[in-house]
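S.K.: predicted model, plus sequence, below.
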Amino acid sequence: MKIKVFYDRENKNKTIELYNDITVKDLLKKMNINPVTVIVSKNNDIIMEDEKLNDKDNIKIISVISGG
Amino acid sequence: MNCCNQKPIIELSAGEKLCKSHFTEYFESKVFKTIRQFDLIEKEEHLGIALSGGKDSLTLLHLLNKLSKQNPKIRLTAIAINEGIHDYRDKTLITAKEFCEKNNIPLHIYSFEDEFGMSLDDALKILDVKPCTICGIFRRYLLNKKSKELGFTKLATGHNLDDEAQSILMNQFKNNIQASARLGPKVGIKHAQAASGTGSIGNKNFVQRIKPLYLCTEKEVTVYAYINGLLDNFNECPNVSKSYRAQIRDMLNNFENDNPGTKYAIINSFLQALPDLKGRFKDGEINSCSNCGEPSSKDKCNACKFADKLEKAKVTVKS
């Protein structure tokens, strides 16, 4: 399946191709993002790494790193 | 282990999974406990809050505003520094202004341009220095100087556990352990202690700084900011990727991912060693700059040295 993801650090939407029944953890691994450095929201609610995703979800990856 | 039957939103490094309402309770009680544990705020204070408009300082101001409403003798004033970093600070300052207006908190903004005659962006065009070095020196100088002018009893900053763990490692890796003696949740001493010569490292011209978010990880602060509507669009200083701190930050985050709890371990072991460090380096009394009177370990403070360099570079560019 294909999942649309917005990654705020890069300020762009990406389409990521993944197997069905994938989790947030799998998605971050595929995108090479350290889970310590982000929080992930689905339809504006924060979700955990073990949450399963489907292709209709509105996924945002929010960086915890900011400032200087 | 889940806290209750509600959906969890965060897993703590100890393995506990918390829902939105239990996380809020956990986070707020941790910050207020930190304030009590390290005696950060007294019954009557005029606190300055160093506000950048980023998630850390907004979260800090949001929580201290709650505290101030319960304790009217704790007065808050926000202070912001506009370094002049195009497409970064101009944006975060809009957020800072909006938050202060909405919450009726006075805000004072000082700029490098007004105070040193040039923005950071312009200074970097004519000076061959690392951005974070000159920025940090000028920013700390202005925060301390203006805090005194505004009559703050203390200056609260949004430094979190990640910031502190990075600073500890940076000082270790650069063999600068004396600088670590100036870290901790409360830095500097009160004027009365400085005048009588008691206490640790200090100078009567140095406004005591406190870090109420000291035991909160960057991720915890982000989650709290997100669920309280304090998180703006992603905004990272364009100079940060060049910094030594950013390298340490990335290394530490990779290590934390493989070994959860590492950052807490760094802070907890550091807090055990801190009294010894402060005792060992208390003879290194900080003096005052012969030019401006601000705290300095040498005859002239670094801010005055850099201001001189800037003046000379300006003359060279003009001629």
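M.R.: Ah, there it is.

S.K.: what's the neighbour count on the closest residue to chain A within the stretch 201-319 of chain B?
M.R.: Proximity of the stretch 201-319 of chain B to chain A (Cβ to the nearest Cβ) peaks at residue B:237, 3.2 Å away. Using the backbone N, CA and C atoms, a C-beta is placed for each residue, glycine as well. Residue B:237: 23 surrounding residues under other Cβ atoms under 10 Å in any protein chain shown.

S.K.: ok, residue B:294 next?
M.R.: 21.

S.K.: again, but for residue B:298
M.R.: 11.

S.K.: contacts only, for it.
M.R.: residue B:287 (Cβ atoms under 8 Å, 6 or more residues apart in numbering or on different chains).

S.K.: show me what residue B:287 bridges to in the sheet.
M.R.: residue B:296 (DSSP bridges).

S.K.: rewinding a little: thought the residue of the stretch 201-319 of chain B closest to chain A was touching residue B:85?
M.R.: Yes. The criterion here is Cβ atoms under 8 Å, and residue B:237 meets it with residue B:85 at 6.3 Å.

S.K.: return the residues of chain B in contact with chain A.
M.R.: B:7-11, B:17, B:20, B:52, B:54-56, B:85, B:88, B:132, B:135, B:218-219, B:221-223, B:226-227, B:231, B:233-237, B:239-240, B:243, B:249, B:253-254, B:256-257 (Cβ under 8 Å from any Cβ of the partner chain).

S.K.: of these, select the buried ones using a PyMOL command.
M.R.: Of the residues of chain B next to chain A, the buried ones can be selected in PyMOL as follows, counting by 16 or more other Cβ atoms under 10 Å in any protein chain shown:
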select buried, chain B and resi 8+9+10+11+17+20+52+54+55+56+85+88+132+135+218+219+221+222+223+226+227+231+234+235+236+237+239+240+243+249+253+256
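
S.K.: so who does residue A:36 touch?
M.R.: A:64, B:219, B:253-254, B:256-257.

S.K.: would you mind giving those as CSV with secondary structure and distance to residue B:124 added?
M.R.: Output for those, formatted as CSV (DSSP: H, G, I helix; E, B strand; the rest coil; distance: Cβ to Cβ, whole Å):
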residue, secondary structure, distance to residue B:124
A:64, coil, 27
B:219, helix, 31
B:253, helix, 27
B:254, helix, 29
B:256, helix, 32
B:257, helix, 33
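
S.K.: closest to residue A:27 among these?
M.R.: Of all those, residue B:257 has the smallest distance to residue A:27: 15.3 Å, by Cβ to Cβ.

S.K.: now stretch B:124-139: mean pLDDT?
M.R.: For stretch B:124-139, mean pLDDT rounds to 90.

S.K.: who's in contact with that stretch?
M.R.: A:68, B:81, B:83, B:112, B:115-116, B:120, B:123, B:239-240, B:242-245, B:302-303, B:306, B:309-310, B:313-314, B:316-317.

S.K.: do the same with stretch B:260-269
M.R.: Contacts for stretch B:260-269 (Cβ under 8 Å, 6+ apart): B:13-14, B:161-162, B:164-165, B:168-169, B:214-215, B:217, B:252, B:255-256.

S.K.: same deal with stretch B:83-98?
M.R.: A:68, B:51-54, B:57-58, B:78, B:80, B:82, B:107, B:109, B:111-113, B:118-122, B:135, B:138-139, B:232-233, B:235-239.

S.K.: same question, stretch B:226-245
M.R.: By Cβ under 8 Å, 6+ apart, stretch B:226-245 touches A:8-9, A:11, A:39, A:41, A:46, A:62-63, A:65-68, B:9, B:20, B:23-24, B:53-55, B:58-59, B:62, B:85, B:87-88, B:91-92, B:95, B:99, B:130-132, B:135, B:166, B:170, B:222, B:224-225, B:246.

S.K.: in helices, which of the residues you listed fall?
M.R.: B:20, B:23-24, B:55, B:58-59, B:62, B:91-92, B:95, B:99, B:131-132, B:135, B:166, B:170, B:222, B:224-225, B:246 (DSSP state H).

S.K.: just the buried residues of these.
M.R.: The buried subset of these - by 16+ other Cβ under 10 Å - is B:20, B:23-24, B:55, B:58-59, B:62, B:92, B:95, B:99, B:131-132, B:135, B:166, B:170, B:222, B:224-225, B:246.

S.K.: tell me the pLDDT of the residue nearest to residue B:183 when sequence neighbours are not counted.
M.R.: Spatial nearest neighbour of residue B:183, excluding adjacent residues (Cβ to Cβ, 6 or more residues apart in numbering or on different chains): residue B:167 at 5.7 Å. For residue B:167, the pLDDT comes out at 96.

S.K.: quick check: residue B:167 touching residue B:182?
M.R.: No. With contact defined as Cβ under 8 Å, residue B:167 does not reach residue B:182; the gap is 9.6 Å.

S.K.: picking up where we left off before, reformat the contacts of stretch B:260-269 as TSV; add secondary structure.
M.R.: Formatted as TSV, these follow (DSSP: H, G, I helix; E, B strand; the rest coil):
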residue	secondary structure
B:13	coil
B:14	coil
B:161	helix
B:162	helix
B:164	helix
B:165	helix
B:168	helix
B:169	helix
B:214	coil
B:215	coil
B:217	coil
B:252	helix
B:255	helix
B:256	helix
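
S.K.: between those, which is nearest residue B:281?
M.R.: Nearest member of the contacts of stretch B:260-269 to residue B:281, counting by Cβ to Cβ, is residue B:168, at 14.8 Å.

S.K.: number of nearby residues for that closest one?
M.R.: 22.

S.K.: same deal with the one 4 residues further on?
M.R.: Using other Cβ under 10 Å, residue B:172 is surrounded by 15 other residues.

S.K.: ditto for the one 5 residues further on
M.R.: The number of residues packed near residue B:177 is 14, by other Cβ under 10 Å.

S.K.: just residue B:255 next, same as before
M.R.: 14.
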